[in-house]
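Peer 1: Sharing a model that was predicted from the sequence below.
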Amino acid sequence: MPVPRHRRLFRLPFSRIDPAELDDEFQFHLAMRARDLERLGHSPDRARAQALAEFGDINDARRFCRAEDEERMRDHRRSQWLGALRQDLLVAIRGLRRQPGFALSIVLTLGAAIGIAASAYGIVHAYLVRPLPYPESDRLVQVMPEAAEGRMPNPERLGQINWSVADRVFAATVSWNPDGFTIAGTDRTESVRGAWVSAAYFTVLGKRPALGRVFEPAEHAGNGSAVILSDALWARLFARDPSIIGRAIRVQSLEESDRAELVTVVGILPADSWHVDGFTDLLRPMKPGPQYPMMARLEPGVTLLAAEERLNGLVLPQMGGVDSSFRFALVGVQEDYTRGVRTTLVALVGGALFLLLIAGANIAGAKTARAVARRAEIQVRLALGASRGRVLQQLLVEDLLVAGVAGLLGAVLAGGCLASIGALVGERLGTGVPGGGGRLALGPGMLALIAAAGAMIGAAFGLVPALLLTRRAAAADAIGDGLGGVRGGAGGAVPPVLRWGLIVAQVAFTLMLLVGAGLMGRTILAIARTPLGFDERQVVQGLLFLPPARYLDDNATRRGMAEIGSEAAAAPGIRATAGGFPDPLRGFVLPPARVTSDAGVEEQPAAESVVTPHFFEVLAIPVKSGRAFSEHDGAGALPVAIVSETLAQQLWPGQAAIGRRLRTAEDSVWRTVVGVAGEIRQPVEAAPSGELYLPFGQRPLRLVFLLARVSGDPAAAATELQRAVSRTDDALGLGNVATLGDLASRLTGRHQALATVLSIFALLALGLAMLGLYASLAYVVAQRRREIAIRVAVGADLWSVCRLVAREGAVLVAVGLALGLVLSLSLTGLLRSQLYGVTPTDPATYAAIVALLGGSALVAAIAPLRQASKVNPVEILRSE
Amino acid sequence: MARDPLDLLYGSLDLLILRSLTPHSMHGYGISGFIRERTGGVLEIVDAALYKCLHRLERQGLIAGDWGVTDENRRARFYQLTPAGRTALRAETNAWRKYVSAVGKVLEPAR
């Protein structure tokens, strides 16, 4: 309730009423009534008794009135407080309008820091905090084979498992097989990503098509002549025509060419549908039968560990003898999905938090320096009897007002930033935002929360100076000081410890950000400088599957691969082609082969690839000695192999490898080494593992990556490559077509993003720290003008004056640097997993950063030192 | 007593108190006497109810109480109308008149 207007206008005294006075009021009434009754002739006793009787229930009246009075007093206090708040606000606004520059600088600094911190948190929230967009998504798990390093059983062993037992562990399990599809729309054909999904797909995810129905068992069992489209694809190809349901359209699969091509549209997915594996454009029904469960929904009430125990109990006995360290682990889908980005996100939000702390310390420093000007005003108010709480409230209202505007600015910045960077964040992190980029955007509630939190944080940084300013002990000194004008003494209103602490904190946090940025920068440089060992530029890669229905045996497969190779190599824009498996950038991760040599080395792990003759030429991998594979390395010929330099050293240290023999654990054939190839490595791999190459002719595979070295536009060449494959055999298609360059930069994108963001944070922090140091030194100079003037007057030279001012700053910076170094060394272990080619304690990086920060501190000190050197003793001393 | 006083209609006590305070401020006993006198004893207010009403009206900001001294030099709590109380009195009086005339119309014998 606001203060009733009349009270302020007429200054009616607000009357307290305490319990005793309430009784006085009643007693007055009873006495008056008794007197009147006496006048009518009653005896005093009777009059008194009748007055009391007439009054009614006096206890009830007392209770009621007391409650009303208390309520009134509460209202009064509240309205008084509100009135004071209003007054404080007006005073604060007037004060800020007098110094708009100061307020604006705080709003901008704090607002930007809050915006950055909130954006960083928003990203972390979308990835790690917010549940995936499935009902009860915390019950969704993935089944991951796990084993000690190098102890993973062969894929064939996994193939022996009858997964129908999984139904006894989970509420439902689902399998899918991502695939590329060519789909014919009303006016055009489009190549899209989709998947073959098993029957429980919708049960496990807890979703339903927005239109139409799910697949029927007959559609899984037959030749799969049904399709469910995504909302986006439906819009693109069929203009959201609802009559598409039930219509037959042409959909060709790249990998499962034996299934129907003319299929009926049975459903449309919801517009917000999203899948952890990225395919959402179309779904086709997978053939029935137990499949490896890629995702499962836990039964209600069953814990992850219990389900894991039960699953391994059912599955491991089926595999015969496997390594004792091997088991199937259940991992939460969200945990698994965000595994790769967690460190990056923690580093991101940590960096943003440091920046916010630096901004806060900066503001606290600026407020402290400015506090000198207000010291007299505040201490006079305290001396005149204002309560400390009242003055603190006034100061806090001022802080809250500024911080509130900053919080609002931060929320607007974060809101705009997060709403527009969804796609970019997913691309840079290499893992899309869970639920789609749009889910990065914050709702109004969250934005309001950010604004409020920002305001609280901002105000908190103003609290310490405010508390110090209102200390009574400082009063007498301050009044004399403030009213009397400039006096000596460097201390002043605020103990120097606070100011020192703020500078030290800014320097230390800035150093930490610089270290993070420096180490990530070194990582990027190291990645760029480390040769992959092959030339990834101008190479197009696609996944090719030679279905057994058409390529009946190894001979047919060999022939097919050769035909495809020569047809593709003749296509325009394509210079050479080769086949290989796995892909050079290891999108497919296979267990390492264990190699035994004729020199007695046993079970040496090595990465095994099966490659066609032109593989080394297409990827420009140098053959250091011996020869590459040729067309003659076929079925009937001498079994051969090529090793990388590292593997050659491991198997035959100090000897020539050509002509020596080796075999792998899976393959009893002894192979003769005919060539030694240059080492290749992965973009962010610490040390290359040895490579073993086997000729495709002697180990034909049905799944193989077709690689083509192209000239000119890779996109056009990719289309030519796809056409050439279809020309050779119209049942074949090339899947997952991409350039190796793009794939490689996607692998390093996360490091690049972290390096960029940390660099920006570090630069902002450096700027703020310099400003803070500048302000602090300028404050010292202003405080010590008189002292400096006296020293100059008695003959101090310029150098000693500068030393006087700079000494404090130098000590503070040194302490800050030392503290920052200690903190960095203890924290950068966190960054270790993101680093490459540089250790978390790299001395060169630390030295460079200390030098940079020290140099920046010197630059920040120049202006205050010049001020100090220009002190004119005559002027200053006369003005006193 | 010659006859029982009429029971007060709910809410009308507020109106009577506000009206009593129109000319000048008054203490509780004065208000009680004023109402009894003006109605010729037809309306008599239970004192407990009167004080409850006074303290409630004060909480509502319609009247303001303050300690003062009576003609006989006794300390008493005087109440006076606030501007908000004056406004409320005008509004309540109009409402009351409308109500009375409406009831009157119903009670009049049909012609």
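Peer 2: Great, that's in hand.
Peer 1: now the helices for chain B?
Peer 2: For chain B, the helices identified by DSSP state H occupy B:12-20, B:28-38, B:47-59, B:83-107, in order along the chain.
Peer 1: Just give the strands next to the strand or helix carrying residue A:330 in its sheet, each with its orientation.
Peer 2: Assigned by DSSP states H and E, residue A:330 falls within strand A:327-332. When pairing is defined by DSSP bridges, strand A:327-332 lines up against strand A:140-146 (antiparallel).
Peer 1: So what touches the strand it pairs with?
Peer 2: Counting by C-beta atoms under 8 Å, 6 or more residues apart in numbering or on different chains, strand A:140-146 makes contact with A:132, A:134, A:152, A:158, A:166, A:204-205, A:292-298, A:304, A:307, A:311, A:325-334, A:336, all of which sit outside it. The C-beta positions use only the backbone N, C-alpha and C, and glycine is treated the same way.
Peer 1: for stretch B:52-69, what is the average pLDDT?
Peer 2: Per-region confidence: stretch B:52-69 scores 89 on mean pLDDT.
Peer 1: thinking again about what came up before, and the strand holding residue A:330, what's buried?
Peer 2: Residues of strand A:327-332 classed as buried by neighbour count (16 or more other C-beta atoms under 10 Å in any protein chain shown): A:327, A:328, A:330, A:331, A:332.
Peer 1: same thing with stretch A:535-544?
Peer 2: In terms of neighbour count (16+ other C-beta under 10 Å), stretch A:535-544 has its buried residues at A:536, A:538, A:539, A:540, A:541, A:542, A:543, A:544.
Peer 1: What of stretch A:365-380?
Peer 2: The neighbour-count check on stretch A:365-380 (16+ other C-beta under 10 Å) flags A:365, A:366, A:367, A:368, A:369, A:371, A:372, A:374, A:375, A:376, A:378, A:379 as buried.
Peer 1: Make sure the fifth one is indeed in a helix.
Peer 2: Yes. Counting by DSSP: H, G, I helix; E, B strand; the rest coil, one finds residue A:369 located in a helix.
Peer 1: Let me know the pLDDT of it.
Peer 2: Per-residue pLDDT puts residue A:369 at 73.
Peer 1: Secondary structure element holding the closest residue to it other than its chain neighbours?
Peer 2: Here the nearest residue to residue A:369 in space, its sequence neighbours aside, is residue A:779; by C-beta to C-beta, 6 or more residues apart in numbering or on different chains that works out to 4.3 Å. In this structure, residue A:779 is located in helix A:740-783 according to DSSP H and E.
Peer 1: can you pull the contacts of residue A:162?
Peer 2: Listed by C-beta under 8 Å, 6+ apart, the contact set of residue A:162 reads A:290, A:318.
Peer 1: Tell me which residue in the stretch 501-650 of chain A sits closest to chain B.
Peer 2: Nearest to chain B, among the residues of the stretch 501-650 of chain A, is residue A:502, at 48.7 Å (C-beta to the nearest C-beta).
Peer 1: again but with chain A, I slipped
Peer 2: The nearest approach of chain A to chain B comes at residue A:56, 3.4 Å away (C-beta to the nearest C-beta).
Peer 1: Test my guess that that residue contacts residue B:49.
Peer 2: Yes. Shown here, residue A:56 and residue B:49 form a contact pair, counting by C-beta atoms under 8 Å, at 6.7 Å.
Peer 1: re earlier: as JSON lines, the helices of chain B with mean neighbour count and distance to chain A would be great.
Peer 2: As requested, the helices of chain B are arranged in JSON lines below (neighbours: other C-beta atoms under 10 Å in any protein chain shown; distance: least, C-beta to the nearest C-beta, whole Å):
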{"stretch": "helix B:12-20", "mean neighbour count": "19", "distance to chain A": "13"}
{"stretch": "helix B:28-38", "mean neighbour count": "18", "distance to chain A": "4"}
{"stretch": "helix B:47-59", "mean neighbour count": "22", "distance to chain A": "3"}
{"stretch": "helix B:83-107", "mean neighbour count": "12", "distance to chain A": "5"}
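Peer 1: The longest strand that chain A contains: which residues count as buried?
Peer 2: Looking across chain A with DSSP state E, the single longest strand is strand A:667-677. In terms of neighbour count (16+ other C-beta under 10 Å), strand A:667-677 has its buried residues at A:671, A:673, A:674, A:675, A:676, A:677.
Peer 1: Show me what that strand is in contact with.
Peer 2: Judged by C-beta under 8 Å, 6+ apart, the contacts made with strand A:667-677 from elsewhere in the structure are A:598, A:616, A:621-629, A:633, A:638-645, A:648, A:657-663, A:691, A:693-694.
Peer 1: Among those residues, the buried ones, what's the ChimeraX command?
Peer 2: Of those, the buried ones go into a single ChimeraX selection, burial set by 16+ other C-beta under 10 Å:
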select /A:616,621,623,626,628,629,633,639,640,641,642,643,644,645,648,657,658,660,661,662,663,691,693,694
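Peer 1: So which of the contacts of strand A:667-677 are in helices?
Peer 2: A:616, A:645, A:648.
Peer 1: pLDDT and distance to residue A:74 added to these, as TSV?
Peer 2: Converted to TSV, those look like this (pLDDT from 0 to 100; distance: C-beta to C-beta, whole Å):
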residue	pLDDT	distance to residue A:74
A:616	95	87
A:645	93	85
A:648	94	89
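Peer 1: Just put those residues in JSON lines and tack on distance to chain B.
Peer 2: As requested, the ones in helices among the contacts of strand A:667-677 are exported to JSON lines (distance: C-beta to the nearest C-beta, whole Å):
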{"residue": "A:616", "distance to chain B": "94"}
{"residue": "A:645", "distance to chain B": "94"}
{"residue": "A:648", "distance to chain B": "97"}
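Peer 1: and which of these is nearest residue A:349?
Peer 2: Using C-beta to C-beta, residue A:645 comes nearest to residue A:349 of the ones in helices among the contacts of strand A:667-677, at 42.3 Å.
Peer 1: ok, back up a step: touching, the residue of the stretch 501-650 of chain A closest to chain B and residue A:367? I think so.
Peer 2: No. Contact criterion C-beta under 8 Å: residue A:502 and residue A:367 do not qualify, at 9.8 Å.
Peer 1: How many neighbouring residues does the residue nearest to residue A:369 have?
Peer 2: When neighbours are counted by other C-beta atoms under 10 Å in any protein chain shown, residue A:779 registers 21.
Peer 1: Regarding residue A:431, what is its secondary structure?
Peer 2: Remark: residue A:431 carries the secondary structure label coil [criterion: three-state DSSP].
Peer 1: ok, now how distant is it from residue A:274?
Peer 2: 13 Å (C-beta to C-beta, to the nearest Å).
Peer 1: Residue B:93 now?
Peer 2: Residue B:93 sits 68 Å away from residue A:274, going by C-beta to C-beta.
Peer 1: Same question for residue A:447.
Peer 2: Taken as C-beta to C-beta, the spacing of residue A:447 relative to residue A:274 amounts to 23 Å.
Peer 1: rewinding a little: distance from the chain centre to the helix holding residue A:779, please.
Peer 2: In this view, helix A:740-783 has its centroid 17 Å away from the chain centroid, taken as C-alpha atoms, centre = their mean, to the nearest Å.
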